[in-house]
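> sequence plus predicted model, see below.
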Amino acid sequence: MRQLIASIAAVLCLLVAAPAGAQNSRWGAGYFPNVELTTQDGKVVRFYDDLIKGKIVAIDLIYTTCQYACPLETARLAQVQKLLGERMGKDVFFYSITIDPDHDTPPVLKAYAEKFGAGPGWLFLTGTQADIDLISRKTGLYSEPDPNNPDGHTPSLLVGNEKTGQWMRNSALDNPKFMARTIGDWLNSWQTAKPIGVSFAEAPELRLDQGQYKFHNHCAACHTIGKGDRIGPDLAGVTASRDRQWLERFILKPDKVYEAGDPIAVALRAKYKDVRMPNLSLSSADADLLIEYMDREGRAAAASAAPSASVSVKPMIDPYLRIQAALNTDTLDGVRQAAETIGAEAGRLGERGGAVRAAAAEAERAADLPSARAAFGALSDAMLALGRNADGGFGDGVKVAYCPMARKYWLQTGDAIRNPYYGKAMSDCGRFSSLPQ
């Protein structure tokens with residue numbers, strides 16, 4: 001939280017110092033060196049003319065043999081890339097510049113970029129050591145050699161808009177949503193910002209799970225628990241399949257485990273495209289929290305995947321249909337009360353009703369039609385998933401409908417389509433459908 005406040009303060013100072021639309025010549029061609037660099041595809045580009053001029057950019061320093069922050073740094077940018085979507089390569093560009101040009105040739109950088117799923121607009125660059133040092137000093141990313149820091153550099157990210165002169169340096173390991181918001185919205189003075197649409201008065205109470213926080217901060221860029229492999233393996237069941245002492249050693253000092261030739265670590269590294277588990281200088285307390293969290297979440301994932309006794313969704317169908325009918329007529333009448341009823345019924349199902357209960361809570365808090373419709377979409381998905389194997393299905397006369405424009409499913413009765421996502425404007429938009437796969 002302290003880091004977030006500091007980051008926000010830095011952004012506010014930046015915005016005050018560099019008003020939108022003002023060309024700040026200090027940060028233009030007269031400041032940035034126009035030296036030549038080479039991309040992972042072997043193309044020669046000029047740092048200012050081709051990479052910086054007129055663009056919104058994010059720049060970091062990496063090296064492919066790094067065993068510390070670089071893998072997480074790059075995985076974080078991969079998450080930000082995904083959040084920025086189609087803007088990547090159009091008005092937003094990422095540049096990862098190696099500080100080890102002797103080793104990191106274009107083919108080496110290309111293989112490294114592919115490991116992390118780098119897409120359009122994200123270049124991995126090399127050049128002469130002198131030119132890279134010049135760039136790193138001019139951008140403020142240079143780190144003095146420190147024998148106490150085996151990483152060799154500080155994981156910083158420079159983000160900026162050359163056209164408006166707005167620049168800031170931030171941690172390259174920060175929350176990916178915060179970084180995407182900074183790059184995508186703040187750096188062009190909110191011209192593309194999407195409305196939040198939720199009052200702070202409606203914000204849920206913050207309850208911080210330390211294990212969850214540390215997993216999302218240190219591990220989630222590369223791993224999931226029960227949702228499949230990413231850059232690294234799915235960690236569901238890892239506490240059952242690996243010795244706890246081994247897990248703790250691998251979390252704390254993976255570089256030492258690799259150096260010792262540990263067969264498990266060597267096999268994992270070979271399986272996942274030679275991506276190294278980074279040494280993040282975590283403490284034993286951090287490792288304990290992570291292992292306990294992985295154990296808890298892994299057991300929950302296994303329980304949700306295991307066959308379970310059938311459930312009934314019928315007690316939730318009538319209040320659900322009341323919400324669907326209200327949204328179809330562009331009103332919130334009765335939505336809150338119906339959502340409250342659904343949440344209470346879902347609560348009786350324990351963990352199996354968790355997704356329905358969470359979506360119903362969002363619908364209960366909705367203060368306007370857009371937020372209610374968004375919550376209803378999540379509620380419909382959760383209801384359809386829960387009802388797929390429910391005892392007695394959804395009940396007599398209840399049908400599944402689908403809107404190709406909204407790409408959303410819902411449940412309703414009757415023979416005429418009554419679209420809850422577009423309401424009266426396009427009530428008949430959609431078709432009856434089978435359950436989504």
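Alright, I've got the coordinates.
> what pLDDT does the model give the residue lying closest to M88 once chain neighbours are set aside?
Once flanking residues are discounted, M88 sits nearest to G121: 3.9 Å by C-beta to C-beta, 6 or more residues apart in numbering. (C-beta placed from N, C-alpha, C; glycine too.) At G121, the model reports a pLDDT of 95.
> then N175?
84.
> next: I417.
94.
> for it, give me its contacts.
Applying C-beta atoms under 8 Å, 6 or more residues apart in numbering, we find I417 in contact with A401, S427, D428, C429, G430, R431, F432.
> which residues touch the residue nearest to the fifth one when sequence neighbours are not counted?
Leaving aside its sequence neighbours, G430 sits nearest to C403 (C-beta to C-beta, 6+ apart; 4.0 Å). Residues near C403 by C-beta under 8 Å, 6+ apart: W410, N419, Y421, Y422, C429, G430.
> filter those residues down to the buried ones, ChimeraX style.
Only the buried entries of the contacts of C403 go into this ChimeraX selection, using 16 or more other C-beta atoms under 10 Å:
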select :410,419,421,422,430
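> return the member of the contacts of C403 nearest to G397.
G397 has its nearest neighbour among the contacts of C403 in W410, at 14.7 Å by C-beta to C-beta.
> show me what the helix or strand where that closest one lies packs onto, helices and strands only.
Counting by DSSP states H and E, the element that carries W410 is strand 408-412. Counting contacts by 3 or more C-beta pairs under 8 Å, 6 or more residues apart in numbering; DSSP states H and E, strand 408-412 packs against helix 314-328, helix 369-387, strand 399-403.
> which one, of those, ends up nearest to I56?
Of all these, helix 369-387 sits nearest to I56, with 27.6 Å by C-beta to C-beta.
> picking that back up, name the nearest of the contacts of C403 relative to R365.
Closest approach to R365 among the contacts of C403 (C-beta to C-beta): Y421, at 18.6 Å.
> let me know the pLDDT of the residue most central in space within the chain.
The centroid of the chain falls nearest to Q79 when counting by C-alpha atoms, centre = their mean (4.8 Å). Note for Q79: predicted pLDDT of 91.
> now D274: closest residue in space, sequence neighbours ignored.
K115 (7.3 Å).
> could you pull up phi and psi at the one you found?
phi -60, psi -40 (degrees, to the nearest 10).
> that one: what's it in contact with?
I231, K273, D274, V275.
> and the third one, how far from I342?
So that's D274. Distance of D274 to I342, given as C-beta to C-beta, to the nearest Å: 48 Å.
> now swap in T154 and tell me
Using C-beta to C-beta, one gets 49 Å for the distance from T154 to I342.
> between these two, which is the more surrounded one?
For T154 versus I342, the count of surrounding residues by other C-beta atoms under 10 Å is larger for I342: 30 against 16.
> for the nearest residue to the more buried one once chain neighbours are set aside, give me its contacts.
Closest residue in space to I342, ignoring its immediate chain neighbours: A360 at 4.2 Å, by C-beta to C-beta, 6+ apart. For A360, the contact set (C-beta under 8 Å, 6+ apart) comprises A339, E340, I342, G343, A346, L379.
> what does G423 give?
Going by C-beta under 8 Å, 6+ apart, G423 touches L327, N328, T329, D330, L369.
> pLDDT at it, what is it?
Model confidence at G423, given as pLDDT, is 93.
> check the one 4 residues further on too.
At S427, the pLDDT value in this model is 92.
> that one and R418 touch, don't they?
Yes. Contact status for S427 versus R418: in contact at 5.8 Å, counting by C-beta atoms under 8 Å.
> I figured G117 hits A78, correct?
Yes. Counting by C-beta under 8 Å, G117 touches A78, with 5.5 Å between them.
> more crowded one of those two?
It is A78, of G117 and A78, that has more neighbours when counted by other C-beta under 10 Å, with 22 against 15.
> pull the contacting residues for the nearest residue to that one once chain neighbours are set aside.
Take A78 and drop its neighbours on the chain: the residue closest to it by C-beta to C-beta, 6+ apart is F116, 4.8 Å away. For F116, the contact set (C-beta under 8 Å, 6+ apart) comprises T74, A75, L77, A78, I231, V275.
> could I get the buried residue list for stretch 369-381?
Buried, per 16+ other C-beta under 10 Å, within stretch 369-381: L369, S371, A372, R373, A374, A375, F376, G377, A378, L379, S380, D381.
> now those in JSON lines, please, with extra columns for pLDDT.
Converted to JSON lines, those look like this (pLDDT from 0 to 100):
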{"residue": "L369", "pLDDT": "94"}
{"residue": "S371", "pLDDT": "92"}
{"residue": "A372", "pLDDT": "93"}
{"residue": "R373", "pLDDT": "94"}
{"residue": "A374", "pLDDT": "91"}
{"residue": "A375", "pLDDT": "92"}
{"residue": "F376", "pLDDT": "94"}
{"residue": "G377", "pLDDT": "91"}
{"residue": "A378", "pLDDT": "91"}
{"residue": "L379", "pLDDT": "93"}
{"residue": "S380", "pLDDT": "91"}
{"residue": "D381", "pLDDT": "90"}
